[in-house]
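Visitor: got a predicted structure here, sequence first:
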Amino acid sequence: MIHRHPAHCRELRLEFNDLDFCYLPRVASSVPSHGSELVCTVDSTLFFANGGHHLVFALDCEGGQGFHNPHCGPIYRYGKNLWSVARGFIVFGDGAVMAERWNGTAMPALAAISNTSGAVFDPAQHPVFTLRIVAGYRAGAWAHHMQIEIRAGEAAKGPILFAGAIVGAEWGWDWSGSSKAAIGGIASGFVPPGATGCVEQKVPRSAPNAAIRVSRFKLRMRQLQFASPL
């Protein structure tokens, strides 16, 4: 059985402290061989052009900012605290893509992802794109594996712009039977709560007009087949 959450549509804005993010509700599966799949269409037209630094696509989000982590205070958006541990990918304005594993410290794991598609991904040329991430857990054919695919426009079968993967023990995740996903954006003017007495100051900074429109934002846990349609 496939477990999914229906698609959401939302606009995120970096109006306060150069940071915005939102979660999808947690999804669950009773099948340990299932992996997680995140799909969304992003309109970045007003993001990178207005000072946004990178977009964040995170799976398996757990914990929250506060005591005993680098930010030392919560970072709330839409009533939810920013995660402390997760894994996923980040996308930059020049088309670079990196894998990131947030680990509750000031030194998350980061790795550049090579584009094996043969195409060129440039958000300035293709500001609207559809992204798909799949990630396995610590057992099965997709153990320690994350993969990303980016296609031009809103179509599931649009021209491919980026394809890449990363495999390794640090990119796996213990199977818990559920996952929570998030999307976010950040600019270089973000000031952590640790610099302001462990209380985030939600004031305009370097990119208050940067905005991301997200549609078809959905998460599901299923038997992974990356070649299947979005």
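Guide: Now that the structure is in, tell me what you want to look at.
Visitor: how about low-confidence regions in this structure?
Guide: The chain contains residues with pLDDT under 70 at 1-9, 226-230.
Visitor: need the helices for it, in chain order.
Guide: Counting by DSSP state H, one finds no helices in the chain.
Visitor: the most centrally placed residue in it and residue 21: what is the separation?
Guide: Nearest to the mean C-alpha position of the chain, by Cα atoms, centre = their mean, lies residue 57 at 0.6 Å. According to Cβ to Cβ, to the nearest Å, residue 57 and residue 21 sit 10 Å apart. C-beta here means a position set from N, CA and C on the backbone, and glycine is covered the same way.
Visitor: one more: residue 75?
Guide: 8 Å.
Visitor: what of residue 72?
Guide: Distance from residue 72 to residue 21, counting by Cβ to Cβ: 19 Å.
Visitor: ok, these two, which is more surrounded?
Guide: Neighbours were counted for residue 72 and for residue 21 using other Cβ atoms under 10 Å; residue 21 has more, 20 against 17.
Visitor: look up the closest residue to that one, ignoring the ones flanking it.
Guide: residue 184 (3.0 Å; Cβ to Cβ, 6 or more residues apart in numbering).
Visitor: just how off-centre is stretch 145-162 within its chain?
Guide: In terms of Cα atoms, centre = their mean, to the nearest Å, the centre of stretch 145-162 is found 15 Å from the chain centre.
Visitor: right, I mislabeled it, should have said stretch 26-42
Guide: That offset, for stretch 26-42, works out to 13 Å (Cα atoms, centre = their mean).
Visitor: do stretch 140-156 as well
Guide: In terms of Cα atoms, centre = their mean, the centre of stretch 140-156 is found 12 Å from the chain centre.
Visitor: let's number from 400 now, not from 1
Guide: Let's use 400 as the start, then, which means that last one is stretch 539-555.
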